[in-house]
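Q: mind looking at a prediction? Sequence and model below.
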Amino acid sequence: MSDPLGTRPAPGPDQPPIPVRLVTFNTHHGVGVDGRHDLPRLATVLAAADADLICLQEVDRYYGDRSEDVDQALLLSRALDMQLAWGPAIDEPRRERVLRRQYGNALLSRLPILVSDVHPLPGGGEPRSALRTMVELDGAVLWVTTTHLSTRSPAERAEQIAAIAALHTEPMETGVLVGDFNADPRKAPELAELTGRFTDAWDLAPDREDRAGWRFWHHQHGETHPARRPRRRIDQVWVSPGVGVARAHVLDGAGASDHLPLVVDLQVRSGV
């Protein structure tokens, strides 16, 4: 039986970690570099990653013509046969329609989702939120928080990072923070709130591969944006001390978004 609070004794030395493959991908509401909305193309890219957890940003639900007014989160979860947790950042009523106009973050999971909640983040301009979930592993649990931070200023992102970090309390020591941070960890002081409590998975991974290898001065930088010629590492995975990293690599997104997907093979500490 799972422990709903994630409070488990330390594992014995002979208990191997649990492998979990995670993808984070800013989908640009399914509109690719060619300007076309193509949800099947996006689903094909995600299926090829063969992930246990898929964390998505910029997902539309009945948002309007730009995404053919469909429920992208539900359609992707059905196409991939995965469970869905949904975290809107924009949630608006629509005139003469029952269905609301929404836009935000989604988690698709092969693993059982035990907890899912949404937390609005501070700041002005476009609303931002964090989707916090807990998934069940074989002998452990993993907290996954998916977000998309502001583009407005480092100060605003710092406030949002502080709010997200506060969501991970001591009983939730086994967890990851995932998403589009709109800040490069090599240059952004606003991400300092995470260091000490979390580690950048790209830096931790002993095996790394990216799409910029043809530019030797950018090799293994993990850059994901813009998709055609990536030069910014704004899509990231941060892990707590209870989570190791075996590999991190940037996938070819097949032009499905203006970002590239980041895949991280996690090693989650098991319970007893």
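A: Cool, got the structure.
Q: if I look at the closest residue to Leu194 other than its chain neighbours, how far off is Ala155?
A: Closest residue to Leu194 apart from its sequence neighbours, by CB to CB, 6 or more residues apart in numbering: Trp238 at 5.4 Å. C-beta coordinates here come from the backbone N, C-alpha and C atoms, glycine included. Separation of Trp238 from Ala155 (CB to CB, to the nearest Å): 20 Å.
Q: between these two, who's got more neighbours?
A: The residue with more neighbours, out of Trp238 and Ala155, is Trp238; 27 against 11, by other CB atoms under 10 Å.
Q: so that one, which of the three states?
A: strand (DSSP: H, G, I helix; E, B strand; the rest coil).
Q: wait, what's in contact with it?
A: Residues near Trp238 by CB atoms under 8 Å, 6 or more residues apart in numbering: 176-178, 194, 198-201.
Q: so Arg78: helix, strand or coil?
A: Note that with three-state DSSP, the state of Arg78 is helix.
Q: that one: what's it in contact with?
A: Contacts for Arg78 (CB under 8 Å, 6+ apart) come out as none.
Q: mind pulling up the pLDDT for it?
A: According to the prediction, Arg78 has pLDDT 98.
Q: can we start the residue count at 40 from this point?
A: Taking 40 as the first residue, the last one we looked at is Arg117.
Q: from Asp89, how far out is it?
A: Taking CB to CB as the measure, Arg117 and Asp89 are separated by 18 Å.
Q: which non-adjacent residue is nearest Ala112?
A: Leaving aside its sequence neighbours, Ala112 sits nearest to Ala145 (CB to CB, 6+ apart; 4.4 Å).
Q: make that Asp77, sorry
A: Sequence neighbours aside, Gly71 is the residue nearest to Asp77 in space, at 5.9 Å (criterion: CB to CB, 6+ apart).
Q: same deal with Asp246?
A: In this structure, Asp246 finds its nearest non-sequential neighbour in Arg286, 4.2 Å apart by CB to CB, 6+ apart.
Q: what is the rounded mean pLDDT of the strand or helix carrying Leu61?
A: In this structure, Leu61 sits in strand 57-65 according to DSSP states H and E. Per-residue pLDDT over strand 57-65 has a mean of 98.
Q: how many residues are close by the nearest residue to Pro55 once chain neighbours are set aside?
A: Leaving aside its chain neighbours, Pro55 sits nearest to Ser309 (7.0 Å; criterion: CB to CB, 6+ apart). When neighbours are defined as other CB under 10 Å, Ser309 has 18 of them.
Q: who are the contact partners of Ser309?
A: Ser309 makes contacts with 50, 54-57, 176-179, as judged by CB under 8 Å, 6+ apart.
Q: compare the residues you listed and tell me which is most surrounded.
A: Ala179 leads the contacts of Ser309 on contacts (other CB under 10 Å) with 23 neighbours.
Q: which residues does that residue bridge with?
A: Counting by DSSP bridges, Ala179 is bridged to Leu176.
Q: measure it to Ser309 for me?
A: Remark: distance between Ala179 and Ser309 (CB to CB) = 5 Å.
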